[in-house]
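[1] Output the structure for:
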Amino acid sequence: MQSEDINFSTEALWDRTKEIVREDYREVDLLLQKLGSPKPSLIWNPGPENLPGDQLAYFLEWWNQARGDNFAASPDAVDPMELRSILGHLAVLDVLDGGENFRYRLYGSAIMNEPGRDLTGLLLTDIWTPLRAFFTITYRAVVQRKEPLYTQHEPHHSLKMQVWDRLILPLSNTGDVDRLIVAIVPSKRKPSSKIDIS
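    Take a look at the predicted model:
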């Protein structure tokens, strides 16, 4: 099925968001299947044991320490020196209109699909990728639940990387999620080696 056959309307994307918030993943599994990808793995509030590799575990530990007793770390806590080991894999997004859209404040050099293509300053809706709908609904879900979300997805077979591990963390100076900071780590692992979260 071609991507133009899929309902990407605002209403449909918000419906998928609400389903992820309540941990109902049936429709998002079908969405990725229609986009030519296997069903993703999603884990709310992951612990270090749920995360592959040291980079994501360090990133989560940094966020937990930075937030203290708050539900999220402050945007002011983002220190490039403290995060230098993973900086190239980070994206920082401003949350616009409660999650209607997102603007890339930072897009790490290590996650560029095309050399030299920096998404910094662009809106998520400006970026064309078959998986933009998946990114939109997962980012919106974190804005709504105000909790960390780990996802693992396999892009369309035409892309070189087989698996992407993504840890989405909320940032806030208010009672709402003002920004998201996302670690996006590509992997060469085969689908059969996906994390078992059952």
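[2] which of the residues in stretch 136-149 are buried?
    For stretch 136-149, the neighbour count (16 or more other C-beta atoms under 10 Å) marks 136-145, 147-149 as buried. Where you see a C-beta, it was placed from the backbone N, CA and C, and this is true even at glycine.
[3] whoops, stretch 118-133 was the one
    Buried-residue list, stretch 118-133, by 16+ other C-beta under 10 Å: 119, 124, 130-133.
[4] Please apply the same query to stretch 89-100.
    Applying 16+ other C-beta under 10 Å to stretch 89-100 flags 89-93, 95, 99 as buried.
[5] Just the ones of the buried residues of stretch 118-133 in helices?
    Taking DSSP state H, the ones among the buried residues of stretch 118-133 that sit in helices are 132-133.
[6] need the buried residues of stretch 118-133 in CSV with pLDDT and distance to Ser74, can you?
    As requested, the buried residues of stretch 118-133 are exported to CSV (pLDDT from 0 to 100; distance: C-beta to C-beta, whole Å):
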residue, pLDDT, distance to Ser74
Leu119, 85, 24
Leu124, 93, 23
Pro130, 75, 34
Leu131, 85, 29
Arg132, 89, 28
Ala133, 91, 30
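[7] in this protein, which ranges drop under the pLDDT threshold?
    1-7, 112-117, 156-162, 188-198 (pLDDT under 70).
[8] residue ranges of the helices in it, please?
    Under DSSP H, the chain gives helices at 10-21, 26-34, 53-67, 132-145.
[9] what ranges do the strands span in the chain?
    Secondary structure of the chain by DSSP state E: the strands cover 41-44, 90-96, 101-107, 149-153, 163-171, 179-187.
[10] Run me through the strand neighbours of the second one, direction for each.
    Going back to what we said before, that points to strand 90-96. strand 101-107 (antiparallel), strand 179-187 (antiparallel) (DSSP bridges).
[11] Please identify which of those strands is closest to Pro52.
    Nearest of the strands paired with strand 90-96 to Pro52, taken as C-beta to C-beta: strand 179-187 at 7.2 Å.
[12] what does that closest one contact?
    52-53, 55-56, 59, 63, 73, 75, 78, 86, 89-95, 102, 105, 108, 111, 139, 142-143, 161-172 (C-beta atoms under 8 Å, 6 or more residues apart in numbering).
[13] Could you do stretch 15-31 as well?
    Residues contacting stretch 15-31 (C-beta under 8 Å, 6+ apart): 6, 39-40, 42, 44, 99, 133-134, 136-138, 140-141, 144-145.
[14] on that earlier part again, and among the helices of the chain, the most buried is which?
    For the helices of the chain, the largest average neighbour count (mean count of other C-beta atoms under 10 Å) is found in helix 132-145, namely a mean of 22.
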